[in-house]
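Asks: how does the following fold in three dimensions:
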Amino acid sequence: MEASTRLAQAEREGDLAALEHLLAADYVGYDPSGRTQDRAGVMRAYGDGGVRIAQLRQGQLTARVIGELGLVMGVNTLAGAERSYRFDLRIRFLDVYAWRDERWQLIASQATYLP
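Replies: A predicted model of the protein is given here:
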């Protein structure tokens with residue numbers, strides 16, 4: 001759960017060092033539109049100023065640990081901008097973390113729009 005909280009904070013702050021630490025080199029995810037994401041793309045999006053999060057609140061968080069995998073599920077309410085496109089939305093997410101190098105790293109994620 002702590003890794004998920006740190007990830008949300010890194011996204012809010014645009015903290016590239018924290019994102020790089022939390023995202024596994026082999027990370028793959030799917031945004032609410034079904035587009036594939038990888039670590040390099042996420043780092044580019046935050047690094048070049050394309051994504052700016054003004055608000056990100058987490059709710060309905062649950063976590064499970066299965067061996068060396070951790071599942072975090074919840075709802076994010078977020079607002080911000082991706083280049084000139086402004087967004088204000090709620091998503092349900094499932095993040096999969098792996099215990100590697102003495103820390104939890106995000107290896108996969110899936111998000112779905114909520115009304």
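
Asks: how about the helices in the chain?
Replies: Remark: helices assigned in the chain by DSSP state H are 2-13, 16-22, 39-47.

Asks: nearest to T77, out of those helices?
Replies: Closest to T77 of these is helix 2-13 (C-beta to C-beta; 10.9 Å). (Each C-beta comes from the backbone N, C-alpha and C, glycine too.)

Asks: for the closest one, which positions count as buried?
Replies: Within helix 2-13, the residues scored as buried using 16 or more other C-beta atoms under 10 Å are A3, S4, R6, L7, A8, A10, E11, R12.

Asks: next: stretch 51-62.
Replies: Buried, per 16+ other C-beta under 10 Å, within stretch 51-62: V51, R52, I53, L56, Q58.

Asks: ok, these vs Q37, which is closest?
Replies: V51 (11.1 Å).

Asks: now render the helices of the chain as a markdown table, adding distance to E82 and mean pLDDT.
Replies: Putting the helices of the chain into a markdown table (distance: least, C-beta to C-beta, whole Å; pLDDT from 0 to 100) gives the following:
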| stretch | distance to E82 | mean pLDDT |
| --- | --- | --- |
| helix 2-13 | 12 | 93 |
| helix 16-22 | 16 | 97 |
| helix 39-47 | 7 | 93 |
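
Asks: okay, the ones you listed in a markdown table with distance to L69 next?
Replies: Shown next, in a markdown table, are these (distance: least, C-beta to C-beta, whole Å):
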| stretch | distance to L69 |
| --- | --- |
| helix 2-13 | 12 |
| helix 16-22 | 15 |
| helix 39-47 | 18 |
